[in-house]
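> Just a sequence and a predicted model for now, questions to come.
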Amino acid sequence: MTVKDILDAIQSKDATSADFAALPLPESYRAITVHKDETEMFAGLETRDKDPRKSIHLDDVPVPELGPGEALVAVMASSVNYNSVWTSIFEPLSTFGFLERYGRTNELAKRHDLPYHIIGSDLAGVVLRTGPGVNAWKPGDEVVAHCLSVELESSDGHNDTMLDPEQRIWGFETNFGGLAEIALVKSNQLMPKPAHLSWEEAAAPGLVNSTAYRQLVSRNGAQMKQGDNVLIWGASGGLGSYATQFALAGGATPICVVSSEQKAEICRKMGAELIIDRSAEDYRFWKDEHTQDPKEWKRFGKRIRELTGGEDVDIVFEHPGRETFGASVYVTRKGGTIVTCASTSGYQHEYDNRYLWMSLKRIIGSHFANYREAWEANRLIAKGKIHPTLSKVYSLEETGQAAYDVHRNLHQGKVGVLCLAPEEGLGVRDEAMRARHIDAINRFRNS
Ligand SMILES: C/C=C/C(=O)SCCNC(=O)CCNC(=O)[C@H](O)C(C)(C)COP(=O)(O)OP(=O)(O)OC[C@H]1O[C@@H](n2cnc3c(N)ncnc32)[C@H](O)[C@@H]1OP(=O)(O)O
Ligand SMILES: NC(=O)C1=CN([C@@H]2O[C@H](COP(=O)(O)OP(=O)(O)OC[C@H]3O[C@@H](n4cnc5c(N)ncnc54)[C@H](OP(=O)(O)O)[C@@H]3O)[C@@H](O)[C@H]2O)C=CC1
């Protein structure tokens, strides 16, 4: 039995759940990995010079044992997230430490502590097997998976599953991720695949869409409301392309920051009108490595006021971190919110705290999304209210290049990866709904 037989079953129109359940599992499958004995390979290099194409491998790996509450999924497509870039350059630390720590927690978790890490935190595919105790899903179900892995044995996470002390991001802090032909997930990560999307389109939004939803919309984030001005860094990037859509769909006004005219045009296509090209306007928030320039914060703030007709921003959607955080705190209106989920340009932030406390601003930390938020975010995709922002699709063999593109900011929106799917465009079940949204679905394609 090989993965080819699985693919044949998926592509045959009449395979039943019983047929999928009867398919023997292959012994091995192809997966994107990083290797434990290579974690020092980039020692001494600058971050930008660490090349994912060198550290990312395509290996044959054994199918992991299936535990209670888990599912094995045949992965048709996945996507590249920035967390896989971090994994592949071993920054800010090697993910093997996460796997070792997880492995120490219990007997079943030991499976994750291996000399290779199968990465990837998104998937669209078909359930192959479910473990004991799984009733909601069965072999043959077409699914996407969100990336929240929790144990829920402590009450700390019972109101908000992101607060579980054993909270992990699947495919980053656990093994057996989505950039592979088969993935192992907890069954409560599974959600229905949006019927109007192809496999690669369905696999694209998951992680970033859920994160932007919590960060901007949820009561756990900035609680954006109608009429809010929302400053969105990297508005045509992974997170930003969903934040921009949430702002527009929620009656807010996005002020989109991008770094080229091409990216500005994509934001206009999404419906945004207020756009700042940070390259063309050449903001230099840092005079040198250690000193910020408040005059540049002010110039940036003036530009925002020009665009909004004199208003400041209610919310800043932050993730670049060190480079922009001082400016973000400065330009937020009195009583406004800076909501951050990352620090791509550096995690030691500096800002002038007088502008925070004297103007009663708040900084909120946000990370991925709880079960319910991830479900709600996926529901918005399934209803055609928010759309995938897939620009380019690579084969599994080309994942290193795909991660390189994201690391070097050469991409737009999301970059997809075909795993078992032999070509793009497969897996659409609701053609009529697709036709209604086709322009929006294709907005980012080939940009
Ligand atoms: C969905 C996608 C998301 C993304 O893309 S996010 C971007 C990618 N992610 C990242 O860049 C984050 C990567 N992770 C990290 O950098 C690290 O992961 C953290 C900085 C988040 C945490 O650091 P660590 O060293 O792993 O964990 P500690 O919590 O600092 O625990 C180490 C030891 O320190 C003890 N400790 C924790 N808090 C306290 C305290 N308040 N007082 C005293 N001790 C403390 C712990 O218990 C433990 O101890 P013991 O080693 O013995 O187990
Ligand atoms: N905590 C969480 O749950 C999550 C955290 N993340 C983290 O968020 C970060 C962004 O992820 P994602 O959106 O997918 O990545 P992308 O690379 O797809 O998009 C980020 C965008 O940010 C902009 N940007 C990059 N560097 C800078 C800078 N120095 N100053 C201003 N803008 C900058 C770029 O846009 P432009 O050049 O056009 O300005 C880029 O398109 C990553 O660090 C990732 O790990 C992501 C998802 C979830």
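Sure, I can see it. Predicted model only: the values in this text are computed from it and were never measured. Numbers count the residues shown, from 1 in each chain. Ligands and ions are numbered 1, 2, ... in the order given.

> What's the local residue count around whichever residue of the chain sits closest to ligand 1?
At 3.6 Å from ligand 1, residue 83 is the closest residue in the chain, using CB to the nearest ligand atom. All C-beta spots, glycine's among them, are computed from the backbone N, C-alpha and C. Burial of residue 83 is recorded as 21 neighbouring residues (other CB atoms under 10 Å).

> got any ranges where this protein has weak pLDDT?
Under the criterion pLDDT under 70, the flagged ranges of the chain are 1.

> near ligand 2, which residues of it?
Contact residues (CB under 6 Å from any ligand atom) of the chain with ligand 2: 81-83, 86, 207-208, 211, 233-234, 236-240, 257-259, 263, 278, 319-320, 323-324, 341-342, 344-345, 367-368, 406, 409.

> from these, which ones fall inside strands?
257-258 (DSSP state E).

> Please indicate which of the residues of the chain next to ligand 2 are buried?
81-83, 86, 207-208, 211, 233-234, 236-240, 257-259, 263, 278, 319-320, 323-324, 341-342, 344, 367-368, 406 (16 or more other CB atoms under 10 Å).

> Using the record's assignment, carve this structure into domains.
Domain segmentation of the chain under automatic domain parsing yields 3-208+369-441, 222-365.

> Does residue 110 touch residue 103 like I think?
Yes: between residue 110 and residue 103 a contact is recorded at 4.8 Å, counting by CB atoms under 8 Å.

> how many neighbours does residue 67 have?
16.

> Would you confirm that it contacts residue 108?
Yes: judged on CB under 8 Å, residue 67 makes contact with residue 108 at a distance of 4.7 Å.

> coming back round to it: looking at residue 110 and residue 103 now, which is surrounded by more residues?
Comparing residue 110 with residue 103 by other CB under 10 Å, the one with more neighbours is residue 103, at 17 against 13.

> wait, that one sits on residue 113?
Yes: Residue 103 is within contact range of residue 113, at 2.9 Å (criterion: CB under 8 Å).

> coming back round to it: now intersect the residues of the chain next to ligand 2 with the helices, please.
Cross-referencing these against helices under DSSP state H gives 82-83, 86, 207-208, 211, 238-240, 263, 323-324, 406.

> Closest one of those residues to ligand 2?
Nearest to ligand 2 among those: residue 238, at 2.5 Å, using CB to the nearest ligand atom.

> what sits against that closest one?
Neighbouring residues of residue 238 by CB atoms under 8 Å, 6 or more residues apart in numbering: 81-82, 208, 389, 406, 413-414.

> hey, where'd the strands end up in the stretch 1-150 of the chain?
28-35, 57-62, 70-80, 116-118, 123-130, 142-145, 148-149 (DSSP state E, counting those that start in this stretch).

> Return the most buried member of these.
Counting by mean count of other CB atoms under 10 Å, strand 70-80 has the highest mean neighbour count of the strands of the stretch 1-150 of the chain, with a mean of 29.

> Does ligand 1 have contacts with that strand?
No: Strand 70-80 stays clear of ligand 1 (CB under 6 Å from any ligand atom), getting no nearer than 11.5 Å.

> between that strand and strand 28-35, how many degrees?
60 degrees (axes from the mean of the first three to the mean of the last three CA atoms, to 10 degrees).

> So which elements touch strand 70-80?
Packing partners of strand 70-80 (3 or more CB pairs under 8 Å, 6 or more residues apart in numbering; DSSP states H and E): helix 3-11, strand 123-130, strand 182-186, helix 199-203, helix 399-407, strand 414-418.

> Mind listing the strands the last one pairs with, and their directions?
For strand 414-418, the paired strands and their directions (DSSP bridges) read strand 70-80 (antiparallel), strand 390-395 (parallel).

> Now tabulate these in CSV and tack on distance to residue 203.
Listed next are these as CSV, based on distance: least, CB to CB, whole Å:
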stretch, distance to residue 203
strand 70-80, 4
strand 390-395, 9
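
> can you tell me how far the closest residue to residue 41 other than its chain neighbours sits from residue 415?
Leaving out its chain neighbours, the residue that sits closest to residue 41 by CB to CB, 6 or more residues apart in numbering is residue 55, at 6.2 Å. Residue 55 is 17 Å from residue 415, where distance means CB to CB, to the nearest Å.

> try residue 155
Residue 155 is 39 Å from residue 415, by CB to CB.

> can you check residue 297 too?
32 Å.

> Residue numbers of this protein in contact with ligand 1?
82-83, 86, 92-93, 147, 169, 207, 211, 342, 368.

> Can you lay out those as TSV showing distance to residue 248?
Below are those laid out as TSV (distance: CB to CB, whole Å):
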residue	distance to residue 248
82	23
83	26
86	29
92	33
93	37
147	25
169	28
207	21
211	18
342	22
368	23
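
> and the residue lying closest to residue 76 once chain neighbours are set aside, what does it touch?
In space, residue 76 comes closest to residue 199 once its chain neighbours are excluded; the distance is 3.7 Å by CB to CB, 6+ apart. The neighbourhood of residue 199, defined by CB under 8 Å, 6+ apart, consists of 76-77, 124-125, 193, 418, 421, 426-427.
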